[in-house]
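[1] need a 3D model of the sequence below.
(one chain, ligands or ions: 1)
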Amino acid sequence: MRCVEARREVCKTAREIYEARLVPGTWGNVSALVDDLMVITPSGMDYGTLSHEDMVVVDLEGRVVEGFFKPSVETVLHLAIYKNRPDIKGIVHVHSPYATAFAVARRPIPIILEETAQAVGHEIPVAPYAHCGTEELAENVVKTLENNKKAVLLANHGLIAGDVSPSAALNVCYIAERTAMITFYAQHLGNINVLSSDDIKYLHEKFKTYGQSKDK
Ligand SMILES: [Zn+2]
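    Here you go, the predicted structure:
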């Protein structure tokens, strides 16, 4: 079996988006890129019972290389992002409620928290609407992700994030969802205050070296 480590991480992340209620039922999908192969969740299967053996491996044209099931309906979207963004190695797509509310209102999620500035680093814009699973949606998302963005909203649909791994992309989804929720509540209290572009830049740069150094 190929890409065993990536299969495990994709499977674990898919189970987590379900358990954390970032998706209802079998919606949402997760993938990882390993050289010129993509490991992706199968289409329409119950995340609660998924095993790493159920993940599907496809080539960069979307042809199934290994797996018993059909790959996710958003395979075209995931492949388009990897082809256009060599820095992205893991993608998570969810339908979490607060981020999706912004996607329905077609309003970007603003940078109102330090953690949003640190881990995302940009306002999360809305990609124009297109039907799920289409080339048109893939084109809209790739275009909206320009300038090294990590996440975009899909109009009337949900949220997609890409980062160095599926677990890093999941973290971006959690922060986007939490930022959308807090924006929603803060607006009910009166007005929201976004961080300045200088503060965002400072926080985002500093976060890159945050944590424990392996050298010490
Ligand atoms: Zn979706």
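[2] host element of the closest residue to His93 other than its chain neighbours?
    In this structure, His93 finds its nearest non-sequential neighbour in Ile160, 4.4 Å apart by C-beta to C-beta, 6 or more residues apart in numbering. C-betas here are computed from N, CA, C, even on glycine. According to DSSP states H and E, Ile160 maps onto strand 158-163.
[3] residues in contact with that strand?
    Counting by C-beta atoms under 8 Å, 6 or more residues apart in numbering, strand 158-163 makes contact with 27-28, 77, 81, 85, 88-96, 99-100, 103, 124, 141, 145, 150-154, 169-173, 176-177, all of which sit outside it.
[4] so how far is that strand off the chain centroid?
    Distance, stretch centre to chain centre, for strand 158-163: 2 Å (C-alpha atoms, centre = their mean, to the nearest Å).
[5] can you list the strands that it pairs with?
    Sheet pairing here is set by DSSP bridges, and for strand 158-163 it gives strand 90-94 (antiparallel), strand 151-154 (antiparallel).
[6] after that strand, next one along is what?
    helix 166-189.
[7] contacts only, for the residue nearest to Phe207 when sequence neighbours are not counted.
    What sits nearest to Phe207 in space, not counting adjacent residues and going by C-beta to C-beta, 6+ apart, is Gln118, at 3.6 Å. The contact partners of Gln118, taken as C-beta under 8 Å, 6+ apart, are Leu203, His204, Lys206, Phe207, Tyr210.
[8] could you do Pro108 as well?
    Phe102, Glu123, Ile124, Pro125, Val126, Leu153.
[9] would you list those residues in CSV and tack on neighbour count?
    CSV is the format used below for those (neighbours: other C-beta atoms under 10 Å):
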residue, neighbour count
Phe102, 23
Glu123, 16
Ile124, 28
Pro125, 16
Val126, 21
Leu153, 28
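[10] circling back: now render the strands paired with strand 158-163 as CSV, adding distance to Ala20.
    Converted to CSV, the strands paired with strand 158-163 look like this (distance: least, C-beta to C-beta, whole Å):
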stretch, distance to Ala20
strand 90-94, 9
strand 151-154, 16
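[11] highest mean neighbour count out of these?
    With neighbours taken as mean count of other C-beta atoms under 10 Å, these reach their highest mean count in strand 90-94, at a mean of 29.
[12] against which helices or strands is the helix or strand that contains Leu33 packed?
    Under the criterion of DSSP H and E, Leu33 resides in strand 29-34. Contacts defined by 3 or more C-beta pairs under 8 Å, 6 or more residues apart in numbering; DSSP states H and E place strand 29-34 against helix 4-19, strand 37-40, helix 75-84, strand 90-94, helix 166-189.
[13] do that again at 7 Å, thanks
    helix 4-19, strand 37-40, strand 90-94 (3 or more C-beta pairs under 7 Å, 6 or more residues apart in numbering; DSSP states H and E).
[14] from memory Glu135 sits against Thr75, does it?
    No: distance between Glu135 and Thr75: 11.4 Å, which falls outside the contact criterion (C-beta atoms under 7 Å).
[15] more crowded one of these two?
    In this view Glu135 and Thr75 are compared by other C-beta atoms under 10 Å, and Thr75 has more residues nearby, 22 against 11.
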